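Enquirer: have a look at this prediction, sequence included:
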Amino acid sequence: MFENLSEKLQATFEKLARKGRLSEGDVDAGLRDVRLALLEADVNYRVVKELIAAIRERAIGSEVTRSLTPAQQVIKIVNEELVGVLGQAAKLNLAGQAPHVIMLVGLQGSGKTTMAAKLALALRRDGHKPLLVAADPYRPAAITQLEVLGKQLDVPVYAEDIRVKPADVCAHALQRAANGAFSLVILDTAGRLQIDDDMMAELAEIKERVTPAEILLVADAMTGQEAVQVAEGFNSRLGLTGLILTKVDGDARGGAAISIRKVTGVPIKYLGVGEKVDALEPFYPDRLASRILGMGDMLSLIEKAEKAFDQEQALKMEQKLRTASFDLEDFRTQLREIKKMGPLNQLLEMIPGLGQASRQLPADMTEKQMKRVEAIINSMTVEERRDPRVLNGSRKRRIALGSGTSVQDVNQLLNQFRDMQRMMRQFSSGKGRGLLSLFQ
């Protein structure tokens with residue numbers, strides 16, 4: 001989402017780094033570039049003005065002018081001020097007696113129904129027992145969509161006839177949750193193409209009837225500044241407790257994510273980072289700021305790995321690394337585990353120093369490569385996967401034909417695997433453990 005902004009900020013910092021000592025003029029010139037980059041990223045003008053003023057006040061002070069690495073000190077200041085704009089990480093307020101009601105609101109098309117399912121899955125993993133409630137009788141197939149998602153996740157869905165008032169449906173669902181020992185009730189409410197009095201009156205009635213612990217606005221990050229205006233509108237009428245930004249994996253310029261918390265004063269609690277039902281991340285301002293500035297996000301990468309990798313399988317892999325017995329079957333297993341973590345380009349962006357490199361790759365290049373490698377390995381016999389040394393010319397031609405690739409592709413994979421085996425021998429000799437150690 002922040003590709004253009006990140007590239008421009010990094011280019012500005014590289015200019016400052018070449019200066020060595022920084023004068024006030026150098027700082028002002030750099031901040032002009034930062035201001036322009038933020039405005040082009042669709043960050044709210046008021047937010048940009050306040051942010052640049054705060055950065056300048058610190059950047060022309062002694063903490064930069066007396067620093068041995070002035071450019072790095074400026075980056076540190078920008079990072080800290082950016083984190084300040086993005087606010088504090090905020091968890092859901094689920095204190096008190098269950099069942100807790102989470103009310104999702106937003107305009108039509110923002111992704112509320114899918115987000116309700118994503119939230120149910122995430123909270124069930126945290127030990128809660130959620131009940132999804134179809135409270136949108138207006139959008140065609142809205143109830144059916146939620147029921148399909150609920151069945152897919154094995155999460156119960158409460159729905160009634162479309163002629164029943166949404167406030168009544170929500171009240172009945174709350175009673176059902178109390179009787180069924182559900183700890184959470186997630187309301188998928190109706191939206192409109194724009195904010196109107198009828199929608200707000202209906203949402204206000206639901207709020208009065210069920211007293212939600214959280215009222216979360218689901219806002220589409222692709223809409224830019226409009227998302228900020230929508231958030232202000234809902235907040236003034238309902239009193240929002242949090243925000244969820246969807247479609248942040250798209251090509252949005254990112255300004256809404258930076259502006260929305262500052263303008264509304266309401267914390268962002270989650271980011272929707274993909275179409276899959278598990279593509280939901282808690283919002284951490286410091287991690288997002290690091291990504292924007294091209295500094296990576298290793299904590300999020302490690303958390304993704306911990307969720308995706310089976311602990312018992314990881315221990316077996318560690319033993320194979322220690323004994324240098326890692327074969328092509330193990331390699332295929334690791335590829336499948338990595339694919340569970342999400343698109344490879346997104347993973348590369350989380351590794352410090354690789355963000356820019358990942359953006360230079362075609363969007364589907366790495367995914368295609370992984371599929372091609374897996375197809376080649378799948379075309380091998382068990383003997384060949386366990387001992388690639390038996391592969392002669394005729395076997396390679398058979399594998400290439402079976403996988404829809406070329407002998408050259410097969411040879412390239414084998415060469416890469418031999419390089420990896422050499423690394424494994426270094427692992428077994430105690431010289432290092434590599435990325436896999438993150439997954440233990």
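Expert: Right, received. Where do you want to start?
Enquirer: now do the contacts for residue 217.
Expert: By Cβ atoms under 8 Å, 6 or more residues apart in numbering, residue 217 lies in contact with 105, 106, 230, 231, 234, 235, 240, 242, 243, 244, 266. All C-beta atoms are positioned from the backbone trio N, CA, C, and that covers glycine.
Enquirer: which strand or helix spans it?
Expert: Assigned by DSSP states H and E, residue 217 belongs to strand 214-220.
Enquirer: got the angle between the next helix or strand after that strand and strand 214-220?
Expert: Remark: after strand 214-220, the chain's next helix or strand is helix 225-238, criterion DSSP H and E. Going by axes from the mean of the first three to the mean of the last three Cα atoms, to 10 degrees, helix 225-238 is angled at 160 degrees with respect to strand 214-220.
Enquirer: the strands in the stretch 151-300 of the chain, which residues?
Expert: 157-158, 184-189, 214-220, 242-246, 268-272, 280-282 (DSSP state E, counting those that start in this stretch).
Enquirer: most tightly surrounded among those?
Expert: Counting by mean count of other Cβ atoms under 10 Å, strand 184-189 has the highest mean neighbour count of the strands of the stretch 151-300 of the chain, with a mean of 28.
Enquirer: partners of that strand in the sheet?
Expert: Applying DSSP bridges, strand 184-189 is found paired with strand 100-105 (parallel), strand 130-135 (parallel).
Enquirer: mean confidence (pLDDT) on the last one, please.
Expert: Meaning strand 130-135. For strand 130-135, the mean per-residue pLDDT is 96.
Enquirer: next one: it to chain centre, how far?
Expert: Centre-to-centre, strand 130-135 and its host chain are 24 Å apart (Cα atoms, centre = their mean, to the nearest Å).
Enquirer: need the per-residue pLDDT for residue 99.
Expert: Reported pLDDT for residue 99: 93.
Enquirer: before we move on, what about residue 92?
Expert: 91.
Enquirer: for it, the count of nearby residues, please.
Expert: 21 (other Cβ atoms under 10 Å).
Enquirer: pretty sure it is touching residue 242, no?
Expert: Yes - with contact defined as Cβ atoms under 8 Å, residue 92 counts as touching residue 242 (7.4 Å).
Enquirer: in three-state terms, label the residue nearest to residue 52 when sequence neighbours are not counted for me.
Expert: What sits nearest to residue 52 in space, not counting adjacent residues and going by Cβ to Cβ, 6 or more residues apart in numbering, is residue 35, at 5.1 Å. Taking DSSP: H, G, I helix; E, B strand; the rest coil as the rule, one finds residue 35 in the helix state.
Enquirer: next one: residue 35 relative to residue 57, how far apart?
Expert: 14 Å (Cβ to Cβ, to the nearest Å).
Enquirer: out of those two, which sits in the more crowded spot?
Expert: residue 35 (18 against 11).
Enquirer: check what pLDDT the residue nearest the centre of the chain gets.
Expert: The geometric centre of the chain, computed from its C-alpha atoms, lies nearest to residue 273 (Cα atoms, centre = their mean), at 3.9 Å. Here, the pLDDT recorded for residue 273 equals 82.
Enquirer: I'd assumed residue 248 was in contact with it.
Expert: Yes - at 5.8 Å, residue 273 counts as touching residue 248 under the criterion of Cβ under 8 Å.
Enquirer: run through the residues that contact residue 405.
Expert: Counted by Cβ under 8 Å, 6+ apart, residue 405 has contacts 372, 375, 376.
Enquirer: name the helix or strand for residue 25, please.
Expert: Applying DSSP H and E, one finds residue 25 within helix 24-40.
Enquirer: can you give me the buried ones in the helix or strand just after that helix?
Expert: Following helix 24-40 in sequence order, the next helix or strand is helix 45-59 (DSSP H and E). Within helix 45-59, the residues scored as buried using 16 or more other Cβ atoms under 10 Å are 47, 48, 51, 52, 54, 55, 56, 58, 59.
Enquirer: quick check, nearest of the residues you listed to residue 261?
Expert: Using Cβ to Cβ, residue 47 comes nearest to residue 261 of the buried residues of helix 45-59, at 9.4 Å.
Enquirer: without its sequence neighbours, what residue ends up closest to residue 272?
Expert: Once flanking residues are discounted, residue 272 sits nearest to residue 246: 3.8 Å by Cβ to Cβ, 6+ apart.
Enquirer: right, and that neighbour touches residue 268 too?
Expert: No - here residue 246 lies out of contact with residue 268, judged by Cβ under 8 Å, at a distance of 11.4 Å.
Enquirer: neighbours of residue 292, how many?
Expert: Neighbours around residue 292, by other Cβ under 10 Å: 23.
Enquirer: separation between residue 268 and residue 258?
Expert: 10 Å.
Enquirer: now for those two: what residues contact both?
Expert: By the contact definition Cβ under 8 Å, 6+ apart, residue 268 and residue 258 are jointly contacted by residue 86.
Enquirer: sorry, back to before: filter the contacts of residue 405 down to the buried ones, PyMOL style.
Expert: Selection of buried members from those for PyMOL, criterion 16+ other Cβ under 10 Å:
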select buried, resi 372+376
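Enquirer: strands - which of the contacts of residue 405 land there?
Expert: Per DSSP state E, strands hold no members of the contacts of residue 405.
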